[in-house]
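Colleague: Sequence first, then the predicted structure, then my questions.
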Amino acid sequence: MIVMGGGIAGAGAALALHKAGFDVTVYEAHPDSAEDIGAFLTLASNGMRALAQTDASHAVTAIGFPLTSMRVLDDTGAERAQVPLGEAGTPHLRYRCLRRGDLNAALQTEVTRRGIGIHHGRRLVSVEDGPDTVTAHFADGSRATGDLLIGADGLNSTVRRLISPDTPPTYAGQHVFYGYTGEAPQAGRPETITMVRGSSVAFGYAVSPDGETYWFARVTDAPLAADALAEGTPTRWRDLLLPLLRKDATPAADLVAATTPDHLMVTNATDLPTGTPWRSGRTLIIGDAAHAASPATGQGASMALEDAVVLAKSLRDAPDTQSALALYERLRRPRVEHNITVSGNISRGTHTPSGPGPGGPGPRGTSADRPGDDDLIRQLEWDTDLWQPAR
């Protein structure tokens, strides 16, 4: 099998498919494993559960730090709530805060350790679908052939454009800033993510055991043009954000002011429309390539890892490839498209979350509020058969 993309979804799929007994090779367009431009993320309990099913928990618990509670501040800095986060009582299922590039590198290292082939610098240009095989053609003139091609190549997926060229990502109504600093005064509690409901900015931060603070900010505005994103400097983005944060009596402005420009980035929040086609012939897209959501619920990485496990089990348990892909889509689409809708509503201001925002946990601080969660543990549990109950 061919996996296009070596990020979270692609590496996760490779690990799950390999465990299920499939011969799999990963092709990644970037020249190396890390793609860290300063952003951090959280893996929620559902994502950590999926990792555990591929025997890869150790690869992630060795990096980042756990989050076991969430507190909420208002625009005066007063604490309005503090609650346990996810499955905090189970160590390998605790939320984890870490840099995206570190997670990519850790998962790719685990892929390599298991003897799974991974090739960097392979940029896909076309896919040739045949009756029994599918062939990927790369920009360097090389090609790869397998019985299934899995597009795990992210938000700007080449595979998705080949399957469905008329479904590009759309703006979700907000700019999202990310940064981290080791110079700010201690403003957080151990293993806690703090969400600030500011007067004009939604802000969140967590402090690592080493005293480094990771933060994000969501600002509702018109989308930043591509040339502005390309040409704008981190100092400009910091100067844009600070006056908005200084309206409130919270730690947010001081955290951003202490962040050096090379540790700060901004992006437009985007998502994909529900109903985006996921497959054509022997080609399937997963993760952000298929169901990218705005970051407001913080579930993108976790749901990509869920995808990996459910896909591998569907292919293992169904009688043939097309039945497996249909089963996978039937199991996954309601859950991930609910997340697109909820997250998009938060970003666009049509729904007020009762819990964390982007980069943090889901709407109520746990993944148990989304449709399909009653069945999620069974779907992820490695020894359960997905095909027999589906019949």
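Modeller: Right, received. Where do you want to start? Numbers count the residues shown, from 1 in each chain.

Colleague: Just give me the residue closest to the centre of the chain.
Modeller: Centroid check for the chain by CA atoms, centre = their mean gives residue 301 as the closest residue, at 2.4 Å.

Colleague: where does that residue fall, helix, sheet strand or coil?
Modeller: Taken by DSSP: H, G, I helix; E, B strand; the rest coil, the conformation at residue 301 corresponds to helix.

Colleague: Spell out which residues sit in contact with it, please.
Modeller: By CB atoms under 8 Å, 6 or more residues apart in numbering, residue 301 lies in contact with 8, 41, 42, 43, 47, 100, 103. Where you see a C-beta, it was placed from the backbone N, CA and C, and this is true even at glycine.

Colleague: And for residue 129?
Modeller: By CB under 8 Å, 6+ apart, the residues touching residue 129 are 280, 281, 282, 283.

Colleague: and which of those residues is nearest residue 12?
Modeller: residue 283 (18.4 Å; CB to CB).

Colleague: and that closest one, how far is that from residue 134?
Modeller: 6 Å (CB to CB, to the nearest Å).

Colleague: what's the overlap in contacts for these two?
Modeller: With CB under 8 Å, 6+ apart as the test, residue 283 and residue 134 both reach 127, 148, 149.

Colleague: and the closest residue in space to residue 40 that isn't next to it in sequence, which of the three is it?
Modeller: Once flanking residues are discounted, residue 40 sits nearest to residue 214: 4.4 Å by CB to CB, 6 or more residues apart in numbering. At residue 214 the chain is in strand, as set by three-state DSSP.

Colleague: 444 is where my numbering starts, stick with that
Modeller: Sure, I'll start counting at 444 from here, so that last one is residue 657.

Colleague: contacting residues around residue 605?
Modeller: 569, 570, 723, 726.

Colleague: again, only this time at 10 Å
Modeller: By CB atoms under 10 Å, 6 or more residues apart in numbering, the contact list for residue 605 reads 567, 568, 569, 570, 572, 592, 594, 723, 726, 728.

Colleague: Repeat that for residue 824.
Modeller: Residue 824 touches 492, 495, 496, 752, 756, counting by CB under 10 Å, 6+ apart.

Colleague: Now, of the contacts of residue 605, which are buried?
Modeller: Buried by 16 or more other CB atoms under 10 Å: 567, 570, 592, 594, 723, 726, 728, out of the contacts of residue 605.

Colleague: Would you format those residues as JSON lines with distance to residue 770, secondary structure and pLDDT included?
Modeller: Formatted as JSON lines, the buried ones among the contacts of residue 605 follow (distance: CB to CB, whole Å; DSSP: H, G, I helix; E, B strand; the rest coil; pLDDT from 0 to 100):
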{"residue": "567", "distance to residue 770": "26", "secondary structure": "strand", "pLDDT": "97"}
{"residue": "570", "distance to residue 770": "22", "secondary structure": "strand", "pLDDT": "97"}
{"residue": "592", "distance to residue 770": "18", "secondary structure": "strand", "pLDDT": "98"}
{"residue": "594", "distance to residue 770": "18", "secondary structure": "strand", "pLDDT": "98"}
{"residue": "723", "distance to residue 770": "17", "secondary structure": "strand", "pLDDT": "96"}
{"residue": "726", "distance to residue 770": "17", "secondary structure": "strand", "pLDDT": "97"}
{"residue": "728", "distance to residue 770": "16", "secondary structure": "strand", "pLDDT": "98"}
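
Colleague: Mind putting those into JSON lines with distance to residue 501?
Modeller: Converted to JSON lines, the buried ones among the contacts of residue 605 look like this (distance: CB to CB, whole Å):
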{"residue": "567", "distance to residue 501": "31"}
{"residue": "570", "distance to residue 501": "35"}
{"residue": "592", "distance to residue 501": "29"}
{"residue": "594", "distance to residue 501": "28"}
{"residue": "723", "distance to residue 501": "36"}
{"residue": "726", "distance to residue 501": "32"}
{"residue": "728", "distance to residue 501": "29"}
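
Colleague: re earlier: and which of the shared contacts of residue 726 and residue 577 is nearest residue 667?
Modeller: Of all the shared contacts of residue 726 and residue 577, residue 570 has the smallest distance to residue 667: 31.8 Å, by CB to CB.

Colleague: Quickly note the distance from the closest one to residue 606.
Modeller: 8 Å.

Colleague: Now list whatever residues contact both of those two.
Modeller: Common contact partners of residue 570 and residue 606 (CB under 10 Å, 6+ apart): 594, 723, 724, 726.

Colleague: ok, so of those residues, who is nearest residue 793?
Modeller: Distance to residue 793, by CB to CB, is smallest for residue 594 among the shared contacts of residue 570 and residue 606, at 30.1 Å.

Colleague: Run through the bridge partners of that closest one.
Modeller: residue 447, residue 728 (DSSP bridges).

Colleague: That one touches residue 452, doesn't it?
Modeller: Yes. Contact criterion CB atoms under 10 Å: residue 594 and residue 452 qualify, at 9.1 Å.

Colleague: overlap in contacts of those two?
Modeller: With CB under 10 Å, 6+ apart, residue 594 and residue 452 have common neighbours 446, 600, 728, 729, 730, 732, 733.

Colleague: So which of the contacts of residue 744 is the closest to residue 704?
Modeller: For those, the nearest to residue 704 is residue 543 (18.9 Å; CB to CB).

Colleague: Quick check, that closest one in contact with residue 451.
Modeller: Yes. Residue 543 lies in contact with residue 451 (CB under 10 Å); the separation is 7.9 Å.

Colleague: still on that earlier bit, can you add distance to residue 774 and give the shared contacts of residue 594 and residue 452 back as CSV?
Modeller: Compiled in CSV, the shared contacts of residue 594 and residue 452 are given as follows (distance: CB to CB, whole Å):
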residue, distance to residue 774
446, 19
600, 21
728, 15
729, 12
730, 15
732, 18
733, 13
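
Colleague: Where does the prediction get shaky in this protein?
Modeller: 476-481, 794-815, 833-834 (pLDDT under 70).

Colleague: what about 80?
Modeller: For the chain, the stretches with pLDDT under 80 are 475-481, 531, 627-631, 794-817, 832-834.

Colleague: Tell me where the longest helix sits in it.
Modeller: helix 764-791 (DSSP state H).

Colleague: List the buried residues in the following helix or strand past that helix.
Modeller: Once the chain leaves helix 764-791, the next helix or strand it forms, by DSSP states H and E, is helix 816-823. Of the residues in helix 816-823, 819, 822, 823 count as buried by neighbour count, 16+ other CB under 10 Å.
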